[in-house]
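[1] prediction below, plus the sequence it came from.
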Amino acid sequence: MRIAVIPGDGIGKEVMDSALAVLGELDLGLEFEFYEAGDEALKKYGKALPDETLEACKKSDAVLFGAAGETAADVIVRLRQELETYANVRPARAIRGVKCLYPGLDIVIVRENTECLYKGWEFQSDGSAFTIRLITERASERIARFAFELARREGRKKVTALHKANVMKKTCRIFRDACRRVAKEYGEIAFNEYYIDAACMYLVMDPFRFDVIVTTNMFGDIVSDLAAGLVGGLGIAPSANIGEKVSIFEPVHGAAFDIAGKGIANPTAMILTSAMMLRHLGFIDEAKKVEMAVEETIANGKTTPDLGGKLKTIEFTREVIRTLKELK
Ligand code: NAI
Ligand code: MG
């Protein structure tokens, strides 16, 4: 299988090295092909997402993406749309040994990935600017169904839709009504809804009332960082962009220029992201082993500075690989 690898900018490159070192320990016959995109690509080629990179992604079996910097909208948001990876799956799961606000929390955010305010339809004239929010029945039903199917597959009990249909009466109502319709097809899974603002309070004060969250693109972007914060931060938050054809796997975090080049980025998010890719490609046992190796390492108190530890990116990666070898 051919994997298009885009390390990107900032810590994207650092955490990608770690994830590839871990994957390299598994003998899976994956071919990694490297492509450029991001702020540096823009400087070099005049395009943040060079055509060659886009074409290679379309022809690959999966895309493994690190992070882009200021060009994120032109790179990853565009890639998600070009490849029609309509479902952005963002688990927020407390890892054993990570000091966090809510040990034991295990929720999944399913974010619609192709429309909403991130469609890129922005216009400006005479001191005013407009962004058009596109919400369709088709994409709303598709993402709602994806969320319920995920709940069924993972044995989860409840799907909660987040929206603001009291204010955005047209767009959010289309989304809300689609969720309500689809919910009726899944009698064994509970369904409820909250307005996005109230949901943010509940997420901070009582996140255990959530199981699977389904929401539109921008709300999903915001609440997935919030949820990451409940379980230990962006350093451990993986994500998958699932489509009918090629899927894209990327950590929730960005290029983190504030810590880039210091060798202290936490590669956990990227390593767990690559485990999500393995699972998607059918390497279930290997995915579990990678996840166990990461958990075991962290539970033994070996962590990077964001989790209160002292290990550098490379030292933590070595520990994960050592633990993985013991598991084999
Ligand atoms: P960010 O996600 O890069 O970082 C937010 C905070 O979390 C920073 O304090 C950072 O040090 C910390 N952090 C993130 N990942 C970490 C890790 N693996 N280990 C330890 N600490 C970690 O978001 P920010 O700072 O708002 O954006 C920085 C750049 O990244 C911007 O240029 C932005 O456009 C871009 N970005 C790209 C994304 C993408 O490519 N998917 C997503 C979000 C931001
Ligand atoms: Mg984000």
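    Arrived safely, thanks for sending. Residues are numbered from 1 along each chain as shown. Ligands and ions are numbered 1, 2, ... in the order given.

[2] dump the residue contacts of Gly243.
    By C-beta atoms under 8 Å, 6 or more residues apart in numbering, Gly243 lies in contact with 83-87. Every residue, glycine included, has its C-beta placed from N, CA and C.

[3] the same query, at a cut-off of 6 Å, please.
    By C-beta atoms under 6 Å, 6 or more residues apart in numbering, Gly243 lies in contact with 83-85.

[4] drop anything exposed from the residues you listed.
    Among the contacts of Gly243, those scoring as buried are 83, 85 (criterion: 16 or more other C-beta atoms under 10 Å).

[5] now secondary structure and pLDDT too, for the contacts of Gly243, in TSV please.
    Formatted as TSV, the contacts of Gly243 follow (DSSP: H, G, I helix; E, B strand; the rest coil; pLDDT from 0 to 100):
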residue	secondary structure	pLDDT
Leu83	coil	96
Glu84	coil	94
Thr85	coil	97
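
[6] ok and the residue in the stretch 101-250 of the chain nearest ligand 1?
    Here the residue of the stretch 101-250 of the chain nearest ligand 1 is Gly235; by C-beta to the nearest ligand atom that distance is 3.5 Å.

[7] which ones are touching that residue?
    For Gly235, the contact set (C-beta under 6 Å, 6+ apart) comprises 266, 268-269, 306.

[8] among the residues you listed, which two are most distant?
    Ala269 and Asp306 (10.1 Å; C-beta to C-beta).

[9] wait, is the residue of the stretch 101-250 of the chain closest to ligand 1 part of a strand?
    No. Checked against DSSP: H, G, I helix; E, B strand; the rest coil, Gly235 lies outside a strand; its state is helix.

[10] mind checking how far the nearest residue to it once chain neighbours are set aside is from Tyr102?
    Spatial nearest neighbour of Gly235, excluding adjacent residues (C-beta to C-beta, 6 or more residues apart in numbering): Asn266 at 3.1 Å. Distance of Asn266 to Tyr102, given as C-beta to C-beta, to the nearest Å: 19 Å.

[11] more neighbours, those two?
    Ranked by neighbour count (other C-beta atoms under 10 Å), Asn266 and Tyr102 place Asn266 first, with 31 against 19.
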